[in-house]
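Q: Below: sequence and its predicted model.
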Amino acid sequence: MQANRTVAHAIALAVFTLLHTYATSAAEDPPAATPESIEEIEIVGQRTLSTLRLEIRREEEQMFDLFNDLNDVREFDVSCGEVIVTGSLIPARECVPRYIQRARFLNAQDFLQFGIPQKTEQELWWENRRKNEAFNAKIRSLAVEHPSLANTMLNLNAKKQHLQALEREQKDGKVGRFLSRVFGDDQDE
């Protein structure tokens, strides 16, 4: 029994030594590469949803930073951040102009100090519809004047549409797989 272990160890050591010698000699004498022998490798992959969401987030920040730099009406400056939606502990990301942040603050202050019932988000946006129209006009005019802002806006919109299509595709795929499990695979026929 001991002899078999010794032989096995000796064989393993010999194989290891041969492999090490081969690897070392191959590393020392690499074959000469010529322009004709170098291959081009192209990797094509699909972005994951989380990667695309991260790209959208960065593009959104870049767009609003650029807008804020170009904008001369401070109440139109946009800031992005995480908010906790009432009834949920999951933070949601949103980007809103200062005038809406101010309206939310005053709405909460009225409720806390005077007991005035809080307005809904829709009511706040409706009350600020004139400012919304002016904000939209401002962002459009700056996009016309500054092609970099327009390009960023277009890229962001394209990525958001792509994300929506992928999410819809994924949802449809999950529903289809669920139904095929429930009703059996022969439902496709």
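A: Thanks, I have the structure now. Residues are numbered from 1 along each chain as shown.
Q: Could you check which helix or strand contains the residue nearest the centre of the chain?
A: By C-alpha atoms, centre = their mean, the mean C-alpha position of the chain lies nearest to R53, the distance being 1.6 Å. Element membership for R53, per DSSP states H and E: helix 49-70.
Q: so what does that helix touch, helix or strand wise?
A: Applying 3 or more C-beta pairs under 8 Å, 6 or more residues apart in numbering; DSSP states H and E, we find helix 49-70 packed against strand 78-84, strand 91-97, helix 129-145, helix 147-183. Where C-beta positions appear, they are placed from N, C-alpha and C, glycine not excepted.
Q: quick one on the thing from earlier: now the residue nearest to the centre of the chain: closest residue in space, sequence neighbours ignored.
A: Closest residue in space to R53, ignoring its immediate chain neighbours: L163 at 6.6 Å, by C-beta to C-beta, 6 or more residues apart in numbering.
Q: And that neighbour, how far from L54?
A: 11 Å (C-beta to C-beta, to the nearest Å).
Q: higher neighbour count, the two?
A: The neighbour count for L163 versus L54, taken as other C-beta atoms under 10 Å, is higher for L163 (16 against 12).
Q: So which of the helices and strands packed on helix 49-70 is nearest D72?
A: The closest of these to D72 is helix 129-145. By C-beta to C-beta, the value is 8.8 Å.
Q: next one: that closest one to chain centre, how far?
A: Using C-alpha atoms, centre = their mean, to the nearest Å, the distance from the centre of helix 129-145 to the centre of the chain it belongs to is 26 Å.
Q: what's in contact with it?
A: Here helix 129-145 makes contact (C-beta atoms under 8 Å, 6 or more residues apart in numbering) with F67, L70, N71, V73, E75, F76, P97, Y99, W125, L149, A150, M153.
Q: try 7 Å
A: If you take C-beta atoms under 7 Å, 6 or more residues apart in numbering as the criterion, helix 129-145 is touched by F67, L70, N71, V73, F76, P97, Y99, W125, L149, A150, M153.
Q: In those, find the pair that's most separated.
A: W125 and A150 (24.9 Å).
Q: average pLDDT for stretch 161-176?
A: Mean pLDDT, stretch 161-176: 87.
Q: no wait, stretch 132-139
A: 97.
Q: Low-confidence regions, the chain specifically.
A: Residues of the chain meeting the criterion pLDDT under 70: 1-38, 42-47, 185-189.
Q: count of residues packed around D72?
A: There are 7 residues near D72, going by other C-beta under 10 Å.
Q: How about L179?
A: Around L179 there are 12 other residues, counting by other C-beta under 10 Å.
Q: measure it to F111 for me?
A: Distance of L179 to F111, computed by C-beta to C-beta: 46 Å.
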